[in-house]
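Novice: Sequence plus the predicted model coming up.
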Amino acid sequence: MLSYRHSFHAGNHADVLKHTVLSLILTAMKEKEKPFLYLDTHAGAGRYLLSSERAERTGEYLEGIAKIWQRDDCPAQMEAYLTVLRHYNRSGQLRYYPGSPLIARQLLREDDKLNLTELHTSDYPLLRNEFQKDPRAKVQRADGYGQLKSQLPPASRRGVILMDPSYELKSDYQDVVTGMAEAYKRFSTGVYAIWYPVVLRQHIKRMLKGLESSGIRRILQIELAVRPDSDQRGMTASGMIVVNPPWKLEQQMTDILPWLHQVLVPSGHGHTLVKWVVPE
């Protein structure tokens with residue numbers, strides 16, 4: 001299985017895809033005045049130093065965000081994501097990569113709420129310290145899937161839920177399906193964004209089949225592959241499964257992905273994908 005301690009992988013191609021999609025979803029949610037909840041089930045540490053021993057050991061950010069950071073031809077749809085990156089790197093030098101909680105913190109409004117959970121004994125204190133002065137945020141060392149039961153539906157009846165487990169265990173793929181089905185029963189109108197890695201394609205096919213058979217409607221799949229599928233060790237692609245996506249998201253990612261693929265994978269290997277797993 002994949003071992004995905006995020007400090008080793010911060011800013012890689014999977015992060016670029018995940019956080020581009022997340023930024024577009026959060027921006028779309030702000031088009032309505034009513035506040036909403038951002039629930040992050042596997043929040044991580046929040047902020048990652050790209051010169052750390054862990055990040056430097058893999059150097060994955062060099063094939064991800066570092067290829068985009070200084071470009072002046074980025075699609076306009078990526079501006080919200082890039083604005084957050086510039087906020088955390090005000091010197092103009094790419095030193096930090098903000099995880100999903102920090103991206104949400106910058107994009108949410110004063111009356112929106114953040115509920116962030118992390119179980120890892122090292123990452124949780126870092127996450128808690130990041131948000132200790134933010135009155136909008138609730139940070140807990142708790143099981144993220146349990147939050148889907150206890151925190152949904154939110155009082156505002158509007159919410160974005162990011163499910164981003166480590167997939168260190170084979171059972172994580174089924175846990176996502178089970179958690180999604182439970183959450184949907186409680187809050188069928190929420191926007192759910194599920195990140196997944198492609199290590200063995202059969203795991204993704206099985207996960208998608210489980211979601212299809214759950215009866216959930218409006219499931220959009222977005223994927224960026226940097227290499228062809230393989231039975232060898234390592235992640236060849238990653239994707240986002242979005243339930244109840246904002247109406248513009250399909251077209252936005254259809255426009256963005258060819259550019260991203262060209263910049264991140266100049267060899268042309270891999271593929272991009274935007275398709276409905278389950279339509280209306």
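Specialist: Yes, it's here. Note that the structure is a prediction, hence the values are computed from the model and not measured.

Novice: Could you list the low-pLDDT ranges of the chain?
Specialist: The chain contains residues with pLDDT under 70 at 1-8, 52-58.

Novice: Could you pull out the helices in it for me?
Specialist: Here the chain has its helices, by DSSP state H, at 13-29, 53-58, 79-87, 100-107, 123-131, 144-150, 171-186, 201-212, 249-264.

Novice: can you put the ones you listed in TSV and add distance to V160 and mean neighbour count?
Specialist: To be clear about C-beta, it is placed using only N, CA and C from the backbone, and glycine gets the same treatment. Shown next, in TSV, are the helices of the chain (distance: least, C-beta to C-beta, whole Å; neighbours: other C-beta atoms under 10 Å):
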stretch	distance to V160	mean neighbour count
helix 13-29	6	24
helix 53-58	27	14
helix 79-87	14	17
helix 100-107	8	23
helix 123-131	17	18
helix 144-150	13	18
helix 171-186	12	18
helix 201-212	18	16
helix 249-264	12	18
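
Novice: do you know which of the ones you listed lies nearest I65?
Specialist: Closest of the helices of the chain to I65 is helix 13-29, at 5.8 Å (criterion: C-beta to C-beta).

Novice: could I get that closest one in CSV with only the CA atoms?
Specialist: Output of helix 13-29 as CSV, limited to C-alpha atoms (Å, rounded to 0.1, in the frame of the first residue of the first chain):
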residue,chain,number,x,y,z
HIS,A,13,1.5,16.8,-8.7
ALA,A,14,-1.3,15.3,-6.6
ASP,A,15,-1.4,18.3,-4.3
VAL,A,16,-1.5,20.7,-7.3
LEU,A,17,-4.6,18.8,-8.6
LYS,A,18,-6.3,18.4,-5.2
HIS,A,19,-5.8,22.0,-4.2
THR,A,20,-6.8,23.5,-7.5
VAL,A,21,-10.1,21.6,-7.3
LEU,A,22,-10.6,22.5,-3.7
SER,A,23,-9.9,26.2,-4.4
LEU,A,24,-12.5,26.2,-7.2
ILE,A,25,-15.1,24.6,-4.9
LEU,A,26,-14.6,27.0,-2.1
THR,A,27,-14.7,30.0,-4.4
ALA,A,28,-17.9,28.8,-5.9
MET,A,29,-19.4,28.3,-2.4
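
Novice: ok, back up a step: same list (the helices of the chain) but as a markdown table, adding distance to I219.
Specialist: Shown next, in a markdown table, are those (distance: least, C-beta to C-beta, whole Å):
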| stretch | distance to I219 |
| --- | --- |
| helix 13-29 | 14 |
| helix 53-58 | 31 |
| helix 79-87 | 23 |
| helix 100-107 | 20 |
| helix 123-131 | 29 |
| helix 144-150 | 17 |
| helix 171-186 | 9 |
| helix 201-212 | 6 |
| helix 249-264 | 12 |
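
Novice: Surely D172 is in contact with D164?
Specialist: No: using C-beta atoms under 8 Å, D172 is not in contact with D164; the gap is 10.7 Å.

Novice: on that earlier part again, closest one to I194 among the helices of the chain?
Specialist: Comparing the helices of the chain against I194 with C-beta to C-beta, the closest turns out to be helix 171-186 (5.8 Å).

Novice: What helices and strands are in contact with the closest one?
Specialist: helix 144-150, strand 159-163, strand 191-198, helix 201-212 (3 or more C-beta pairs under 8 Å, 6 or more residues apart in numbering; DSSP states H and E).
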